[in-house]
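J.: following is a predicted model, sequence given first.
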Amino acid sequence: MKWPLFPLFVLAIAAGTLVRAQPVDLLIEAADDAALKPLLQKLEQAQVETRAAWTFWHGTLAGKTVVLARNEGDPLNAVAATALAVRLHPPRLIITYGSARAHDPALHAGDIVVSASFAAFDGMFSPHLGPGEGSRPAQWEKLPHLLMSPGEKETPAESFPADAAALSLAMTLSPAHGHVVRGVLGSANQVNREADRVAWIHTLWHTSTEDGESAHIAGCAALLGVPVIGLRVVDAPATDAADFALRLVEAWR
Amino acid sequence: MKRAIFLLLVLTASLRAAEPVDILVQGAEKLEIRELIAGLGAGAQKVTIGPFSFWLGRVGPHRVAVSLTGQALINCTTATIIGIEEFHPALIVNQGTSGAQAPYLTLNDIIVGRRALDYDNFITPVTAVGQGSSPLAWTPVPQRLRDPATGQLVPYPEGFAGDPAALAAALRTRNPMGRVFAGVIGSAHEVNLELDRVRWSQRTFGMDVEEMESGHVAAIAHAYGIRYIAFRVVSDAPYEGVPFNPNAARATGLFTLNFLENLPPLAAPPLPHPTP
């Protein structure tokens, strides 16, 4: 789809609720209340909305109309919250932020990784082994997500794109701690602490970090035609990423 | 651009006219919904929302929306949110193909979901470089949903139960191509052909079949308080060395049509968007 048509595509997603749909500048997502708190404290004209299991806060932040979403930090809740928020409040950009564990050994605690792209690394295919032959995860193959696209076709996607303009802008900002680096934000509902498996995922999917939801949000955003940017602080509290997200919101036009 | 605006206006007008349905019937692949679309008859209406297509019509006493969700969590969760928000169904039926995880199952058998769960969430032990990876030692992490009444995140280690009335009706329904059992359906973006890991999943989660959507859709239905049932036909059986057979998709479509004919009329769907 050509870039100028993206807003129309997003409005089409929201078309069934056009009477209620309230477009916003930014949909900003984090996993939990602690991560959202720094932004909620600065949210003006705040209103809260709960739908089914998901809660959103509306208001203005640094002069932009925003919706803050608590996505619970796992793929299912994050995709559901994203799809619901886009339908109710079509945004110009989605920002997902939080903390992550490093896959790239060059990263240090406190570094901020900005998404050059995203990889949902939970897809796997295991070749056949018989009874008693155990499990050989080093031989597993990756199974990319297939995104639905217009015309009822599924398109394999090993990674999902990030918004180039937001990426460029984020790379000009200074964090409170650490360095800002471009990378691939990986996500799955997994906590991987086996060093060999982490290295295997890093090699196979080119992930810089892992968290619970960022790439799945990006996949949903790709489905719905909404630009997205991801920010993850490495091995540090998510509030550090919230601070950086606030700087991005202030600088973004 | 002008053409796009025109299409948007047409789409908007058609969407605003959309009426609630009794049942949202989902399939991930075209083969899984082919029989269902045919069953809607010549008067079926197609609605497209973003990348997702829905076909509206009637089967037996029910107003039905057939939804092509696409495979796996990202597609099916997004399609389900849109389907619920658009059509306000009283019941969701998620059906399609699956891999057998229990040795008693064979090609074209159908599992009706007593429950459905997400099984690919886990925490690994801490191991150092060179110590390898041991999937059978990973600790499962249950899917969680926030209960808006209490504000608490609630774990669902058993997954989500199928609607009892729909389950009973399904177990009275004929599968024209195989047998029918009540069982447990597990979802993940995985294809598991290592029999020791298949056996581990069966022991750990009680799973009879594995596939990629029903546990995720079950969670969304639970969050909205919408009745839910899943059907999965066995399209591949690693214990028997049976590779994926796409023709099994026909069984699930025909079975679901029979189910819809058997199912008594439903109560009116809940009011849209129950917001606590």
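T.: Yep, that arrived.

J.: how about the helices in the stretch 101-250 of chain B?
T.: Remark: helices assigned in the stretch 101-250 of chain B by DSSP state H, counting those that start in this stretch are B:164-171, B:195-205, B:214-224, B:248-262.

J.: my bad, the stretch 101-250 of chain A
T.: Counting by DSSP H, counting those that start in this stretch, one finds helices in the stretch 101-250 of chain A at the ranges A:164-171, A:195-205, A:214-224, A:238-251.

J.: which among the ones you listed is found nearest to A:Trp54?
T.: For A:Trp54, the closest of these is helix A:214-224, at 12.9 Å, according to Cβ to Cβ. For glycine as for every other residue, the C-beta is placed from the backbone atoms N, C-alpha and C.

J.: output the below-cut-off pLDDT ranges for the chain.
T.: Just going to use chain A. A:1-20 (pLDDT under 70).

J.: not quite, I wanted chain B
T.: Low-confidence segments of chain B (pLDDT under 70): B:1-17, B:268-276.

J.: is chain B within reach of stretch A:62-79?
T.: Yes - against chain B, stretch A:62-79 shows contacts by Cβ under 8 Å from any Cβ of the partner chain at A:Glu72, A:Asp74, A:Pro75, A:Leu76, A:Asn77, A:Val79.

J.: which residues sit in contact with the fifth one?
T.: By Cβ atoms under 8 Å, 6 or more residues apart in numbering or on different chains, A:Asn77 lies in contact with A:Ala53, A:Trp54, A:Asn71, A:Glu213, B:Arg144, B:Leu145, B:Arg146.

J.: let's see that with 10 Å instead.
T.: Neighbour list for A:Asn77: A:31, A:53-54, A:69-71, A:189, A:212-213, A:216, B:77, B:143-146, B:153, B:219-220, B:223 [criterion: Cβ atoms under 10 Å, 6 or more residues apart in numbering or on different chains].

J.: and the strands in the stretch 1-150 of chain B?
T.: For the stretch 1-150 of chain B, the strands defined by DSSP state E, counting those that start in this stretch occupy B:23-27, B:45-49, B:52-59, B:62-68, B:91-100, B:110-118, B:122-123, B:139-140, B:143-147.

J.: now do the third one: which elements does it pack against?
T.: Applying 3 or more Cβ pairs under 10 Å, 6 or more residues apart in numbering or on different chains; DSSP states H and E, one finds that strand B:52-59 makes contact with strand B:23-27, helix B:30-39, strand B:45-49, strand B:62-68, helix B:72-87, helix B:248-262.

J.: among those, which comes closest to A:Val249?
T.: Closest to A:Val249 of the helices and strands packed on strand B:52-59 is helix B:72-87 (Cβ to Cβ; 25.2 Å).

J.: direction included, what does the longest strand anywhere in chain A pair against?
T.: In chain A, taking DSSP state E as the definition, the longest strand is strand A:91-102. Strand pairing for strand A:91-102, using DSSP bridges, gives strand A:24-30 (parallel), strand A:209-211 (antiparallel), strand A:228-234 (parallel).

J.: which one of those is the most hemmed in?
T.: Greatest average neighbour count among these goes to strand A:228-234 (a mean of 29), per mean count of other Cβ atoms under 10 Å in any protein chain shown.

J.: distance between that one and the chain's centre?
T.: Remark: strand A:228-234 is offset 7 Å from the chain centroid, using Cα atoms, centre = their mean, to the nearest Å.

J.: give me the buried stretch members for the longest strand of chain A, please.
T.: Counting neighbours by 16 or more other Cβ atoms under 10 Å in any protein chain shown, one finds that the buried residues in strand A:91-102 are A:Pro91, A:Arg92, A:Leu93, A:Ile94, A:Ile95, A:Thr96, A:Tyr97, A:Gly98, A:Ser99, A:Ala100, A:Arg101, A:Ala102.

J.: once you drop chain neighbours, what's closest to the last one?
T.: Distances taken as Cβ to Cβ, 6 or more residues apart in numbering or on different chains place A:Val234 nearest to A:Ala102, at 5.1 Å, with adjacent residues excluded.

J.: partner residues bridging that neighbour?
T.: On the basis of DSSP bridges, A:Val234 is bridged to A:Ala100.

J.: chain B contacts on the stretch 151-253 of chain A?
T.: A:151-155, A:157, A:160, A:188-201, A:212, A:215-225 (Cβ under 10 Å from any Cβ of the partner chain).

J.: what do you get if the cut-off is 7 Å, keeping everything else the same?
T.: Contacts of the stretch 151-253 of chain A with chain B, taken as Cβ under 7 Å from any Cβ of the partner chain, map to A:152, A:154, A:189-197, A:216, A:219-220, A:223-224.

J.: among those, which pair sits farthest apart?
T.: A:Glu152 and A:Ala195 (42.5 Å).

J.: who's more crowded, these two?
T.: Set A:Glu152 next to A:Ala195 and count neighbours by other Cβ atoms under 10 Å in any protein chain shown: A:Ala195 wins out with 17 against 14.

J.: tell me the spacing between the more buried one and A:Ala119.
T.: According to Cβ to Cβ, to the nearest Å, A:Ala195 and A:Ala119 sit 19 Å apart.

J.: can you check B:Asn192 too?
T.: To A:Ala119, B:Asn192 is 21 Å away according to Cβ to Cβ.

J.: neighbour count winner among the two?
T.: A:Ala119 (31 against 26).

J.: correct me, but the more buried one touches A:Trp205?
T.: Yes - look at A:Ala119 against A:Trp205 with Cβ atoms under 7 Å: they come within range, at 4.4 Å.

J.: now do the shared contacts for those two.
T.: Residues touching both A:Ala119 and A:Trp205 (Cβ atoms under 7 Å, 6 or more residues apart in numbering or on different chains) are A:Gly186.

J.: what are the phi and psi angles of B:Gly151?
T.: Backbone torsions of B:Gly151, given as degrees, to the nearest 10, read phi 80, psi 0.

J.: next up, the contacts around it.
T.: With contact taken as Cβ under 7 Å, 6+ apart, B:Gly151 is in contact with no other residue.

J.: and the end-to-end length of stretch B:202-214?
T.: For stretch B:202-214, the first-to-last residue distance is 16 Å (Cα to Cα, to the nearest Å).

J.: and it, which residues are buried?
T.: If you call a residue buried by 16+ other Cβ under 10 Å, then stretch B:202-214 has these buried ones: B:Gln202, B:Phe205, B:Gly206, B:Met207, B:Asp208, B:Val209, B:Glu210, B:Glu211, B:Met212, B:Glu213, B:Ser214.

J.: Serialize the residues you listed to JSON lines and add fields for distance to B:Ile37.
T.: Output for the buried residues of stretch B:202-214, formatted as JSON lines (distance: Cβ to Cβ, whole Å):
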{"residue": "B:Gln202", "distance to B:Ile37": "34"}
{"residue": "B:Phe205", "distance to B:Ile37": "33"}
{"residue": "B:Gly206", "distance to B:Ile37": "33"}
{"residue": "B:Met207", "distance to B:Ile37": "30"}
{"residue": "B:Asp208", "distance to B:Ile37": "28"}
{"residue": "B:Val209", "distance to B:Ile37": "24"}
{"residue": "B:Glu210", "distance to B:Ile37": "26"}
{"residue": "B:Glu211", "distance to B:Ile37": "21"}
{"residue": "B:Met212", "distance to B:Ile37": "21"}
{"residue": "B:Glu213", "distance to B:Ile37": "18"}
{"residue": "B:Ser214", "distance to B:Ile37": "20"}
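
J.: narrow the residues you listed to those in strands?
T.: Those of the buried residues of stretch B:202-214 lying in strands (DSSP E): B:Val209, B:Glu210, B:Glu211.

J.: thank you kindly, that will do.
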